[in-house]
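Colleague: this is a predicted model, with the sequence first.
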Amino acid sequence: MRAGTVGLQAARVAVAVLMHVWICAGALANETASATRASLSGDQHRTTFQLDLSLGVPAEIYTLANPYRVVIDLPDVEFRLPDGTGQNGSGLVRAFRYGLFAEKKARVVLDTTGPVRIERAAMTAAAQGKGIVFAFDMVTTDPASFGVGTGAAKAAEDPAAAPPAATQEPQKPKSHGKPVIMIDPGHGGIDGGAVSASSLLEKDVVLAVGKELGRQLTSTGRYDVHMTRSSDVFVSLDQRLGLSSKQGVDLFISLHADSLSAENGAQTVRGATIYTLSERASDEQARRMAEKENASDLVAGLNVADSEGDDEVKSILFDLMKRETANFSADFSNALVRKLKAATPLAREPQRAAAFKVLKQTHAPSVLVELGYLSNPEDEKLLNSPPWRKKIAGSITAAIDSYFSRRTAGSTGP
Ligand SMILES: [Zn+2]
């Protein structure tokens, strides 16, 4: 068999020639492939991406615009790459990230400086005969011949094809009558979210707090608790909304941790902030925050431009959202501020509002909690501390108790 390279013209390409050989090898050994090194080389005209793998796997490469990205879809690959891999770009690549995109689906997303064409994609045996080298070149191209949208269908269908990531925290059957609560740890898998100076990832912090909150809420016996994700897997914003409406939740709590750049006060700004939904942001910082969090799907290589057409529909839905639901969200936000105060520092303006996509629920009161700032050294220490995570989960549980006891008592009802 010719182990040469495959010349590629189209923007979306399946690297298939050598593939099945390696797949068989992997299948026989019943092993999961691991990636041990990822690197960039070359210049602004031609940049080579290389991924060292323990086994050959089927890979699919395609490009997306708005912003320009190259997406590589792989099966269940375990990434064992050194910390910080991908943070610094080179040549035509500004940065890249990697991780699970869905159960048993891995993805690498490269942010490119402009439109690129993929060439010479190949999976070949490593020179020393150990492992596989997956590599391809990116060369500059003009927007017209870029083949915009070539990868769109694939990228758009992926999240729908992925199995729902929600898991019912208690193994008991759903008990009717109990308030249903959806805990939504932000980001996950390929989307790491914000990063601290010591490489602490937002996705890991919010998953740990989310699980702890799930445990505490479940142990009260008063709630039916669900999570949008309970492992390190990517869940799209639409999936999160879908899971919430499918479960008919009574309260939706999205967990995040913010990060600021040096010029925006990375060292000094700290504390928790609670966001509720509003088409008009309460202030510039809230607007930027929503923009950042809404970019999660872009980060993971979804073609968000594709779904922009239904923005109008979403906005109509939003208009139809009962004023009551918004009032309940505000009530819960108030309860949270009261309870969180005792557990953690709050931001100077702890209650803000902006157009967070994940809060666009038509029926459920919802809040998004930024637990603190990964860019602030003191906050980072807290966010990384298991006792603090217990404490903050305890305060959120107390706020939920307070909120539902008031609702049951009818004091805030119509
Ligand atoms: Zn976030």
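Modeller: Noted; the coordinates are in hand. Numbering: from 1, shown residues only.
Colleague: C-alpha from now on. contacts and neighbour counts both.
Modeller: Noted.
Colleague: ends of stretch 64-72, how far apart?
Modeller: Start to finish, the residues bounding stretch 64-72 are 11 Å apart (CA to CA, to the nearest Å).
Colleague: for that stretch, the averaged confidence score.
Modeller: Per-residue pLDDT values across stretch 64-72 average out to 86.
Colleague: tell me which residues of that stretch are tucked away?
Modeller: For stretch 64-72, a neighbour-count test (16 or more other CA atoms under 10 Å) marks 64-65, 67-72 as buried.
Colleague: for the residues you listed, give me CSV that also has secondary structure.
Modeller: Putting the buried residues of stretch 64-72 into CSV (DSSP: H, G, I helix; E, B strand; the rest coil) gives the following:
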residue, secondary structure
Leu64, strand
Ala65, coil
Pro67, coil
Tyr68, coil
Arg69, strand
Val70, strand
Val71, strand
Ile72, strand
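Colleague: can you redo the residues you listed as JSON lines with distance to Ala197?
Modeller: Formatted as JSON lines, the buried residues of stretch 64-72 follow (distance: CA to CA, whole Å):
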{"residue": "Leu64", "distance to Ala197": "30"}
{"residue": "Ala65", "distance to Ala197": "30"}
{"residue": "Pro67", "distance to Ala197": "26"}
{"residue": "Tyr68", "distance to Ala197": "27"}
{"residue": "Arg69", "distance to Ala197": "26"}
{"residue": "Val70", "distance to Ala197": "27"}
{"residue": "Val71", "distance to Ala197": "27"}
{"residue": "Ile72", "distance to Ala197": "28"}
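Colleague: how about the strands in the stretch 101-250 of the chain?
Modeller: Counting by DSSP state E, counting those that start in this stretch, residue ranges of the strands within the stretch 101-250 of the chain are 105-112, 116-125, 132-140, 167-168, 180-185, 224-227.
Colleague: and those strands, which one averages the lowest pLDDT?
Modeller: Minimum mean pLDDT among those: strand 167-168, a mean of 34.
Colleague: residues in contact with Asn334?
Modeller: By CA atoms under 8 Å, 6 or more residues apart in numbering, no residues touch Asn334.
Colleague: now name the helix or strand holding it.
Modeller: helix 323-340 (DSSP states H and E).
Colleague: C-terminal to that helix, what's the next element?
Modeller: strand 346-354.
Colleague: contacts for that following strand, please.
Modeller: Residues contacting strand 346-354 (CA under 8 Å, 6+ apart): 269-283, 286-287, 290, 333, 337, 340.
Colleague: mind running it again at 10 Å?
Modeller: Taking contacts as CA atoms under 10 Å, 6 or more residues apart in numbering, the residues outside strand 346-354 that touch it are 269-291, 330, 333-334, 336-337, 340-341, 367-373.
Colleague: for Ile118, give the beta-bridge partners.
Modeller: When assigned by DSSP bridges, Ile118 has beta-bridge partners Met138.
Colleague: tell me, how many residues neighbour it?
Modeller: 26 (other CA atoms under 10 Å).
Colleague: what of Asn294?
Modeller: Neighbours of Asn294 (other CA under 10 Å): 16.
Colleague: what's the local residue count around Ser39?
Modeller: 15.
Colleague: helix, strand, or coil at it?
Modeller: strand.
Colleague: isn't it right next to Gln87, touching?
Modeller: No: Ser39 is not in contact with Gln87 according to CA atoms under 10 Å; the separation is 11.1 Å.
Colleague: joint contacts of those two?
Modeller: Contact criterion CA under 10 Å, 6+ apart; residues shared by Ser39 and Gln87: Phe96.
Colleague: tell me who's in contact with Val77.
Modeller: Val77 touches 31-35, 53-55, 57, 99-100, 104-107, counting by CA under 10 Å, 6+ apart.
Colleague: pull out the buried residues from these.
Modeller: 32-35, 53-55, 57, 99-100, 105-107.
Colleague: closest to Val133 among those residues?
Modeller: For these, the closest approach to Val133 (CA to CA) belongs to Leu53, at 6.1 Å.
Colleague: Tyr403 against Leu336, yeah?
Modeller: Yes: using CA under 10 Å, Tyr403 is in contact with Leu336, at 8.8 Å.
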